[in-house]
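Asks: Let's see this in three dimensions:
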Amino acid sequence: MSAEPRIVAEGRRLVTEAAARGIPVRLLGGVAVWLRSSNGAREALGRDYPDIDLVAHKRQSGALRDLLEELGYEPERVFNATHGAKRLLYHAPDRSYHVDVFLDEFQMSHTLDLGERLELEHESLPAAELLLTKLQVAALNRKDATDVVMLLLQHELADADGPGKLNAAEVARLAAADWGLYTTVTDNLGKTRELLDDLLRDASDRDAVAAKLEELLRRLEEEPKSVAWRLRAKLGRRVRWYELPEEVTR
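Replies: Purely as a prediction, here's the structure:
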């Protein structure tokens, strides 16, 4: 059995401590992907997890700030003063890692509303949101592709959320409303497919993930598109469709 990394255990503790105060907090990022995976996937695709990513409701950011400081976390004061309406940054008591808190929204290459579905599942965001936070990266790297493959290996595509399920209907719905998000996501599904041979040794696992990548692409293509999507599509790639995320100094 794969031992639970210290940083995963601490992420779960933060979720539990916040819940005891009536503050809904959920994990995202690599820690959340690890938590939702089996030992086999962890051994095949696990990686170093240098930090903890959390999502909370903006309306409860004050209470969450108080809790983190009571637990010994040190706020990055300049960053929090500048970005605190949407995002908070804290250093661990021993400064060996940091905690990144997103408040309702996830803003990187694209903006995702995470607050609406924040409390659907226990400990982590639903798999659909975890997948989109990885696939929205305009310059997909190996780390993000690895997390995408780990999610798909461990979840069946479905039309609902829950343990072992990835809500493909929700992914398709969000992409059909935003041409830019759709374009980045579909590009990255293709890039992930190209990396499969390098990421997965087991042929049956590769075939299973490849089939899910193709199914996701098909569902995204067939989902009825919004008027805004169709209007933006006319401009195509002539105009940049993603944001350049600000580098965070830690």
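Asks: Would you mind pulling up the elements that the least confident helix or strand in the chain by mean pLDDT packs against?
Replies: None of the helices or strands of the chain scores lower by mean pLDDT, DSSP states H and E than helix 39-45, at a mean of 92. Contacts defined by 3 or more Cβ pairs under 8 Å, 6 or more residues apart in numbering; DSSP states H and E place helix 39-45 against helix 142-154. Using the backbone N, CA and C atoms, a C-beta is placed for each residue, glycine as well.
Asks: tell me what the helix or strand just after the least confident helix or strand of the chain is packed against?
Replies: Proceeding N to C from helix 39-45, the next assigned helix or strand is strand 51-56, under DSSP states H and E. Under the contact criterion of 3+ Cβ pairs under 8 Å, 6+ apart, strand 51-56 touches helix 6-20, strand 25-28, helix 29-35, strand 98-103.
Asks: run the last query once more with 10 Å
Replies: Secondary-structure packing of strand 51-56 (3 or more Cβ pairs under 10 Å, 6 or more residues apart in numbering; DSSP states H and E): helix 6-20, strand 25-28, helix 29-35, helix 61-70, strand 87-91, strand 98-103, strand 105-107, helix 127-135.
Asks: Figure out how far that strand is from the centre of its chain.
Replies: Relative to its parent chain, strand 51-56 has a centroid offset of 10 Å by Cα atoms, centre = their mean, to the nearest Å.
Asks: okay, the angle between it and strand 87-91?
Replies: 140 degrees (axes from the mean of the first three to the mean of the last three Cα atoms, to 10 degrees).
Asks: Using PDB, write down the CA coordinates of strand 51-56.
Replies: C-alpha atoms of strand 51-56 as PDB (Å, rounded to 0.1, in the frame of the first residue of the first chain):
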ATOM      1  CA  ASP A  51       2.300  22.400  -2.000                       C
ATOM      2  CA  ILE A  52      -1.400  22.300  -1.000                       C
ATOM      3  CA  ASP A  53      -4.100  23.900  -3.100                       C
ATOM      4  CA  LEU A  54      -7.500  24.600  -1.500                       C
ATOM      5  CA  VAL A  55     -10.800  26.200  -2.600                       C
ATOM      6  CA  ALA A  56     -13.200  28.000  -0.200                       C
END
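Asks: Buried residues of that strand, list them for me.
Replies: Within strand 51-56, the residues that qualify as buried are 51-56, counting by 16 or more other Cβ atoms under 10 Å.
Asks: Including distance to residue 92, could the residues you listed go into TSV?
Replies: Listed next are the buried residues of strand 51-56 as TSV, based on distance: Cβ to Cβ, whole Å:
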residue	distance to residue 92
51	9
52	9
53	14
54	13
55	19
56	18
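Asks: Outside of the least confident helix or strand of the chain itself, list whatever touches it.
Replies: By Cβ atoms under 10 Å, 6 or more residues apart in numbering, the list of residues contacting helix 39-45 from outside reads 1-5, 8, 33-35, 37-38, 46, 146-154, 199-202, 205.
Asks: returning to what we had before: and of the helices and strands packed on strand 51-56, who's closest to residue 161?
Replies: Nearest to residue 161, of all the helices and strands packed on strand 51-56, is helix 127-135, at 6.8 Å by Cβ to Cβ.
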